[in-house]
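Undergrad: 3D model of this:
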Amino acid sequence: MTARPQKLIIGQRLRVLRQSLVLTQAQIAAELGVSASYITLIEADQRPASARLLMKLAEVYDLNIAELAPSTDAQLAADFAAALKDPLIGEIPSRAEVEAVLQASPRLAAAFVRLHDRYREALLRPQADDNPMTDRDKVEALAETSRPVDAVRAWFYARRNHVDPLDRAAEALADELGLHRNEPHIALSARLSAHGIAVRILPAPVMGDRLRRHDPARRELLLSELLRQPSRRFQIAVLMGQLEQQPLMERLLEEAALEDPAARSLMRVSLANYFAAALLMPYGRFLSACESARYDVELLSHRFGTSFEQTAHRMSTLQRPEARGIPFFFVRVDRAGNISKRFSAGRFPFSRFGGTCPLWNIHAAFERPDEVHTQVIRMPEGASYFSIARTATRAGGSHGAPAQRLAIGLGCDVAYAPRLVYAEGIDLDRIRPVEIGLNCYLCERPDCAARAHAPINRKLAVNEQERSLAIFRFEEG
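TA: Numbering: from 1, shown residues only. Coordinates of the predicted model:
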């Protein structure tokens, strides 16, 4: 059995685009190489748009395809649907009704999600405060709404994981330092010396559990010997960002309007890390290399002297308006499926709590470490993505204390897959996507053998006379 190419209803989006360009249906049809009647049918939502037409739109009008497909913000759709599944809501609206709200009033849906978050936090906080171990699910829900990391993630997500002023400042400094022709570690260390700061590599027993420490009094940057060379360069670049781009970072921080002191501190760290990656992989040169190497993460890691994780993460930031790369999503998980890092230049719907779907091959990466795994996945709302996964080993590692191994996931809308080296030899029109969900709490796919429990809005259906592959079955409807 083969999967049909994905088609989407984009009538309203196409009509808005055409009107903003001051084009008639006949004119836009001519530029896209299709008939005017076809455009008329698409705008009337009587004909879906194929992935081929979406790619043509992106090419002709220099668009990010994620602006057209899916037609709604997938993250907002996932959050809205999850909030509606609260038992207190009562009868759950149909998928068509939910989609209608998202299409007509996305701001109203976003306001509902924020209101539900605040309600859930107010409801659960007293219970968590009394005994934070009484109900793990409630603690997770509370943490997701209150943790500073959530606020910082939201800020980056709203900007498609691209911070343009910081990116341009890093690119200018990379040119000034000549990082494309000089050995980066030497050039970066020399720049720190100009600030009167020396870099010292210290033994692990001296540094303890710290990998980096800036000592302003002694004017030293202390790095652990456990850091590999790419990480040493990265940490030097982080400090340079903190020293040379503090005014810009503070302006961005004020614009973010984060009230939580911990969130503000985390924001500063995140901006410094962003600057470091942009300095080691300056935008124009890195994007050009990505296109020529067809986004081969391992090859680009060698070319820029960066780690697999640093390179993959940087790929998810290439959304400069006049020179966009592929809008990737990036995720990092541990063996238990816990997400420790997630970013998206597109609109991949990450779960607001819980782990990841066990059918996603990011988990299989642990079975064959250091090997790139590919997979085409399809979410419940119908959007398909091309995903790669590979393990990465964190800093550290000694006898009795092995370094932690994590899995790195990188993916994009399947329409972009032909531009990736990882899609060579894969017939994307014939391959059958793996149907996955956000996680078991929110996924309503029936008869899933990998399911860990029933969805939160469904009751268990127990048949004492049968045993099936799916451990948990639930009432549908």
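
Undergrad: ok, which stretches of the stretch 51-200 of the chain are helices?
TA: Applying DSSP state H, counting those that start in this stretch to the stretch 51-200 of the chain gives helices spanning 51-61, 74-84, 95-104, 106-130, 136-146, 148-158, 164-177, 184-194.

Undergrad: Could you tell me how many residues sit around the nearest residue to Asp260 once chain neighbours are set aside?
TA: Closest residue to Asp260 apart from its sequence neighbours, by CB to CB, 6 or more residues apart in numbering: Pro148 at 5.1 Å. Just so you know, the C-beta spots here come from the backbone N, C-alpha and C atoms, and that holds for glycine as well. Per other CB atoms under 10 Å, the neighbour tally for Pro148 reads 16.

Undergrad: likewise Tyr416?
TA: 23.

Undergrad: is it true that it touches Tyr385?
TA: No - using CB atoms under 8 Å, Tyr416 and Tyr385 do not qualify as a contacting pair, with a distance of 9.3 Å.

Undergrad: gap between Ser105 and Glu244?
TA: The gap separating Ser105 from Glu244 is 44 Å, by CB to CB, to the nearest Å.

Undergrad: When the two are compared, which one has more neighbours?
TA: The neighbour comparison of Ser105 against Glu244 (other CB under 10 Å) goes to Glu244, with 17 against 12.

Undergrad: Tell me how many other residues surround the nearest residue to the more buried one once chain neighbours are set aside.
TA: Leaving aside its chain neighbours, Glu244 sits nearest to Leu173 (7.2 Å; criterion: CB to CB, 6+ apart). Other residues lying near Leu173 total 21 when counted by other CB under 10 Å.

Undergrad: so what pLDDT did Leu173 get?
TA: At Leu173, the predicted lDDT confidence score is 97.

Undergrad: Please report how far it lies from Leu179.
TA: Leu173 is 9 Å from Leu179, by CB to CB.

Undergrad: intersection of neighbour lists for the two?
TA: Common contacts of Leu173 and Leu179 (CB atoms under 8 Å, 6 or more residues apart in numbering): Leu279.

Undergrad: Redo the helices of the stretch 51-200 of the chain as TSV? Include distance to Phe304.
TA: Putting the helices of the stretch 51-200 of the chain into TSV (distance: least, CB to CB, whole Å) gives the following:
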stretch	distance to Phe304
helix 51-61	27
helix 74-84	30
helix 95-104	39
helix 106-130	37
helix 136-146	34
helix 148-158	22
helix 164-177	11
helix 184-194	9
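
Undergrad: Let me know which of these is the nearest to Ser344.
TA: Ser344 lies closest, by CB to CB, to one member of these: helix 148-158, at 6.4 Å.

Undergrad: Give me the contact list for the closest one.
TA: Residues contacting helix 148-158 (CB under 8 Å, 6+ apart): 75, 144, 163, 256, 258, 260, 262-263, 265-267, 270, 342-344.
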